[in-house]
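Q: coords please:
(one chain, ligands or ions: 1)
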Amino acid sequence: MSEEKLYLYPVWLRIWHWANALMFLVLIITGLSLQYSGVEGTFIRFDIAVKYHNIAGIILTINFLFFVLANRISGNRKYYRIKYKGFPKRLMKQFRYYVYGVFVHEPKPYPISEKRKFNPLQKLSYVMVMFVMMPVIIITGFGLLFPETNIENVFGLSGIYLTDLLHIITGFVLSIFMIVHIYFCTFGKTLGSDFKSMFTGWH
Ligand code: HEM
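A: Alright, predicted model coming up:
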């Protein structure tokens, strides 16, 4: 069944994905440089880091809007729909596979098919990342780019400080996601087969 060749990653999705990954790397590197800049100097010169962080953020935003639109038009969004009934149970089954089953060569509980591209854990993490955290990091990013749009005072705290805090926390969580995501992509048929799929489109 799972040996069947499936075309799961159309060209638009692959372009979106690799552009997104590249912008992410630029944002993480420049973002870390900005975060840890001090009087003694920085990893990347401050003004250069700001410039490339802003440019990459704008490209990421346009790319994200393209992802949302293309998902709607192409029908790829069906893979992101969560059926809540029994979902916690399915999550646990997949979790058990990742911490135990995979090491004793058990068959995958939710093998990829034309109807199901993601296992329950993948689905939950992709939905959280793409439809919760990406909007948060984009909106707070624009809030920092246009500081005058921030509420001045929120319960005695500066609005811009809160926007910045939310931006940094989301950036940190997304960076961790990226590392975990890459690790889980090695769980394919071979170590590199999932990565190859994201270049060729074929699973
Ligand atoms: C160098 C960094 C990255 C690598 C090597 C990588 C690798 C991959 C691979 C191999 C797949 C196909 C397997 C699968 O569907 O799970 C995939 C899918 C996916 N990746 Fe990544 N990824 C990277 C960064 C990111 C980032 C930063 C995000 C989001 C913030 C992301 C979001 C996704 C999503 C949503 C999918 C599923 C797309 C779909 O089929 O609808 N990836 N990634």
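Q: quick check: mean pLDDT of the longest helix along the chain?
A: Using DSSP state H to define each element, the chain has its longest helix at helix 46-74. Helix 46-74 carries an average pLDDT of 97.
Q: do that helix and the ligand meet?
A: No: Helix 46-74 lies apart from the ligand when judged by CB under 6 Å from any ligand atom; the minimum separation is 7.5 Å. (Glycine included, C-beta is placed from N, CA and C.)
Q: low-scoring stretches of this structure, by residue?
A: 1-3 (pLDDT under 70).
Q: what about the strands in it?
A: 153-154, 157-158 (DSSP state E).
Q: could you dump those to JSON lines with mean neighbour count and distance to the ligand?
A: Converted to JSON lines, these look like this (neighbours: other CB atoms under 10 Å; distance: least, CB to the nearest ligand atom, whole Å):
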{"stretch": "strand 153-154", "mean neighbour count": "11", "distance to the ligand": "28"}
{"stretch": "strand 157-158", "mean neighbour count": "12", "distance to the ligand": "29"}
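Q: for the protein, what lies in contact range of the ligand?
A: Counting by CB under 6 Å from any ligand atom, the chain sits next to the ligand at 9, 13, 17, 20-21, 24, 76, 79, 117, 122, 126, 129-130, 174, 178, 181-182, 185, 194-195, 197-198.
Q: tell me who's in contact with the residue most central in space within the chain.
A: Centroid-nearest residue in the chain, with CA atoms, centre = their mean: V129, separated by 4.8 Å. Residues near V129 by CB atoms under 8 Å, 6 or more residues apart in numbering: 174, 177.
Q: then M23?
A: Contacts of M23 by CB under 8 Å, 6+ apart are 56-57, 59-60, 63.
Q: that one and Y52: what is the separation?
A: Noted for M23: a distance of 10 Å to Y52, by CB to CB, to the nearest Å.
Q: buried ones from the contacts of M23, can you make that a PyMOL selection?
A: Selection of buried members from these for PyMOL, criterion 16 or more other CB atoms under 10 Å:
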select buried, resi 56+57+59+60+63
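Q: wait, which of the contacts of M23 is closest to the ligand?
A: Closest to the ligand out of the contacts of M23 is L60 (8.9 Å), distances taken as CB to the nearest ligand atom.
Q: how about that closest one: what's its closest non-neighbour residue?
A: M23 (4.2 Å; CB to CB, 6 or more residues apart in numbering).
Q: quick one on the thing from earlier: can I get the buried part of the residues of the chain next to the ligand as one ChimeraX selection?
A: Selecting only the buried entries of those in ChimeraX, with 16+ other CB under 10 Å as the criterion:
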select :9,13,20,24,76,79,117,122,126,129,130,174,185,194,197,198
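Q: helices - which of the residues of the chain next to the ligand land there?
A: 13, 17, 20-21, 24, 122, 126, 174, 178, 181-182, 194-195, 197-198.
Q: which pair of those spans the longest distance?
A: The distance between the two most remote of these (CB to CB) is 22.4 Å, for L174 and S197.
Q: who touches stretch 57-68?
A: Under CB under 8 Å, 6+ apart, the answer for stretch 57-68 is 12, 16, 19-20, 23-24, 27, 130, 134, 138, 141-142, 145.
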